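1. give me the fold of what follows.
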Amino acid sequence: MPPPMQRFGGAPNNLASHYQQYPSHSQAHTAGLPPPSLAANPNFMNANSMSNAFSVNGNSLGLSGGFGGSGLGMQGGTGLASQAAQMGFANAPLHQQGHGSMSETGSSRSAVNKSRIREVWAGNVQEEFAVLRCLVEKYPYIAMDTEFPGLVARPMGAFNGKSDYHYQCLRCNVDLLKIIQLGLTIFNEDGECPPASMSAAELGLDTTQDETRKYAGGVVQIPTTWQFNFKFSLKEDMYSEMSIEALRQAAVDFARLEIEGIDPFQFGALLVSSGLVCDEDVYWISFHGGYDFGYLTKVLVLLPLPDDEVAFDSIMKKFFPSIYDVKYLMKQAIKHQSMGQVTPLDPATTDILNKFNNSGGLEALADSLKIKRQGLAHQAGSDSLLTGKVFFKMRERIFNGEIPDEQRSKVWGLGVPEGGPPMHIRSTPPHYNQTLQENTTPNQNGYTNGAPSTPNTGSAGLVSTPGHNSNGGGMGPMTPGGAGGAFGAFQYNSK
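-> Numbering: from 1, shown residues only. Sure, this is the predicted structure:
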């Protein structure tokens, strides 16, 4: 894995204050990017410089407590909330276009929730975690999905191979943006969800606490899926317009998120003490989960992600030691079949592999496995439920009921570091675009075959994109700076 290069540095010690420092997008945006003199960085506007446009002089970052400091392997870093960063993001043009007849709250849900997906807000998050704590021992398989506001930045500079580039793209976006939704669906070893109801005594629920006292001597209605809705403001937080529009179409209630959304750091404190993390006998299931685990790791450590992928992988696996990524597993099955190392059980299985090789999407794989979606597509709860069902059917059909241990804890979107000389990126030629489409981010600016897909070349913005870049590679606009600002124009030169 490449050594830390401090291209972006870290972020401030308290990410909550970091997000609060961004000014509202309701103000005028008439100025361009900050001059090179800001943050005492004369190379700020030089696209060929390796200087960190977001760095400030500050204290080194560290963790204290159970997972603190050297135990997590977190490196010291500098902040993403420098004056240069704040000015750069503040001065993006204001998004003034309307959204037709759609309101900010999104369309109302017309379908009755028959899929046992529980909506979780700030008002009931402690109650729902109390129930989850009681269930995780018997239902230790946790399928998850996140929704987040797209991509707003691309890294520039020297990278130690494609894997490093993809991680740096993940890192800068996860550090800058906020999670919107998290879906968790729990299963037992046989792929079964909990019963619809249990008595508090049978569940083992402590009914002496304020949040659970109402269940004393009574029956607890239990969902299969919890959809956690996080605090997010379209007025104050950064996002990709196309991603937000897709979430609006999926009936995500942004007005309610702003008022009743869960504080992500309160959520992190509840999650770390829930029994769902830091246990190798709890299995997390994802589909193309690089960004999903990036956002969850950020919420748990309350710090920006580390500078290099090796350090991130070490921290992530302390919280999530056992992971099954459906896309990675399917790609491995296809690889072993093509090399003649395995023989599919029947022609139908071969057809499933071939179809996935052509599409690569969750929705298409679910269709091939004859699994019907429950709930609304592109909401984290429904996506996590579908991901879990696909995993157990895939384990049965493709892996004959048993997945090799060596394929555990490999996540599609988080690659093994590549050797060789560093590469420099200023813009992306067309021949590299397919590699990006295959390896980068789900749940972003577009959806392919009804499933989350890699960001397309549509505009990405803080509220809207500041200008257009001139990179002929079709990699998509960068934010901020258009053709040469904080992230600059960049070019793929080697590897």
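
2. you'd agree Glu119 is in a strand?
-> Yes: assessed by DSSP: H, G, I helix; E, B strand; the rest coil, Glu119 belongs to a strand.

3. let me know how buried it is, in neighbour terms.
-> 20 (other C-beta atoms under 10 Å). The way it works is simple: take the backbone N, C-alpha and C, and place the C-beta from them, glycine included.

4. kindly report the same for Ala158.
-> A count of nearby residues for Ala158, using other C-beta under 10 Å, gives 17.

5. what's the first helix or strand after the helix or strand hosting it?
-> Per DSSP states H and E, Ala158 falls inside strand 157-159. Next helix or strand after strand 157-159 toward the C-terminus (DSSP H and E): helix 162-176.

6. quick one: low-confidence ranges for the protein?
-> The model of the chain has pLDDT under 70 over residues 1-115, 340-345, 416-495.

7. which stretches of it form strands?
-> For the chain, the strands defined by DSSP state E occupy 117-120, 141-147, 157-159, 181-187, 197-199, 219-221, 225-229, 283-286, 323-325, 423-425, 447-448, 451-452.

8. now tabulate these in a markdown table and tack on distance to Val310.
-> Shown next, in a markdown table, are the strands of the chain (distance: least, C-beta to C-beta, whole Å):
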| stretch | distance to Val310 |
| --- | --- |
| strand 117-120 | 34 |
| strand 141-147 | 23 |
| strand 157-159 | 14 |
| strand 181-187 | 26 |
| strand 197-199 | 43 |
| strand 219-221 | 43 |
| strand 225-229 | 29 |
| strand 283-286 | 20 |
| strand 323-325 | 17 |
| strand 423-425 | 18 |
| strand 447-448 | 31 |
| strand 451-452 | 27 |
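
9. nearest to Gln249, of the ones you listed?
-> Gln249 lies closest, by C-beta to C-beta, to one member of the strands of the chain: strand 447-448, at 9.6 Å.

10. the strand holding Ala158 pairs with which strands, parallel or anti?
-> Sheet pairing of strand 157-159 (DSSP bridges) gives strand 423-425 (antiparallel).

11. looks like Arg213 contacts Asp206 (just checking).
-> No: assessed by C-beta atoms under 8 Å, Arg213 is found out of contact with Asp206, at 9.6 Å.

12. higher neighbour count, the two?
-> It is Asp206, of Arg213 and Asp206, that has more neighbours when counted by other C-beta under 10 Å, with 15 against 10.

13. tell me the contacts of the residue nearest to the more buried one when sequence neighbours are not counted?
-> Excluding the flanking residues, the one nearest Asp206 by C-beta to C-beta, 6 or more residues apart in numbering is Thr212, at 6.3 Å. Going by C-beta atoms under 8 Å, 6 or more residues apart in numbering, Thr212 touches 127, 130, 200, 205-206.

14. ok, now Asp190?
-> Phe392.

15. then Gln209?
-> With C-beta under 8 Å, 6+ apart, Gln209 has these contacts: Ala130.

16. and Val219, by the same measure?
-> 197-200.

17. run a quick neighbour tally on the residue lying closest to Leu329 once chain neighbours are set aside.
-> With sequence-adjacent residues excluded and distances taken as C-beta to C-beta, 6+ apart, Leu329 is closest to Gln407, at 6.0 Å. Gln407: 14 surrounding residues under other C-beta under 10 Å.

18. surely Gln407 touches Gln332?
-> Yes: Gln407 lies in contact with Gln332 (C-beta under 8 Å); the separation is 5.7 Å.

19. overlap in contacts, those two.
-> Both Gln407 and Gln332 lack any common contact, where contact means C-beta under 8 Å, 6+ apart.

20. and Glu406, how far is that from Lys318?
-> 20 Å (C-beta to C-beta, to the nearest Å).

21. quick check: Thr146 vs Asp206, distance?
-> For Thr146, the distance to Asp206 - C-beta to C-beta - is 29 Å.

22. just Gly217 next, same as before
-> 13 Å.

23. go through the protein and flag its longest helix.
-> Ranked by residue count, the top helix of the chain under DSSP state H comes out as helix 380-397.

24. report all helices and strands that it contacts.
-> strand 117-120, strand 141-147, strand 181-187, strand 225-229, strand 283-286, helix 326-338, helix 362-368 (3 or more C-beta pairs under 8 Å, 6 or more residues apart in numbering; DSSP states H and E).

25. which residues does the fourth one contact?
-> By C-beta under 8 Å, 6+ apart, the list of residues contacting strand 225-229 from outside reads 115-121, 125, 128, 132, 180-185, 253, 256-257, 260-262, 267, 375, 379-382, 384-385.

26. partner strands of it and their direction?
-> Sheet pairing for strand 225-229, using DSSP bridges, gives strand 117-120 (parallel), strand 181-187 (antiparallel).

27. could you do the fifth one as well?
-> For strand 283-286, the pairing partners within the sheet under DSSP bridges are strand 141-147 (parallel), strand 323-325 (parallel).

28. can you redo the helices and strands packed on helix 380-397 as TSV with distance to Gly161?
-> Below are these laid out as TSV (distance: least, C-beta to C-beta, whole Å):
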stretch	distance to Gly161
strand 117-120	39
strand 141-147	26
strand 181-187	30
strand 225-229	35
strand 283-286	23
helix 326-338	18
helix 362-368	27
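
29. of these, which is nearest Val299?
-> strand 181-187 (8.7 Å).

30. show me what Gln227 bridges to in the sheet.
-> Beta-bridge partners, per DSSP bridges, of Gln227: Glu119, Gly183.

31. please report how far Leu247 lies from Leu385.
-> 18 Å.

32. of these two, give the one with the bigger neighbour count.
-> Between Leu247 and Leu385, counted using other C-beta under 10 Å, the more crowded position is Leu385 (29 against 26).

33. hang on, isn't the more buried one packed against Thr224?
-> Yes: using C-beta under 8 Å, Leu385 makes contact with Thr224 at a distance of 6.5 Å.

34. OK, contacts around Tyr287?
-> You called it Tyr, but residue 287 is Phe. If you count contacts by C-beta under 8 Å, 6+ apart, then Phe287 has 145, 325-327, 362, 383, 387, 390, 412, 442 around it.

35. coming back round to it: in helices, which of the contacts of Thr212 fall?
-> 127, 130, 200.
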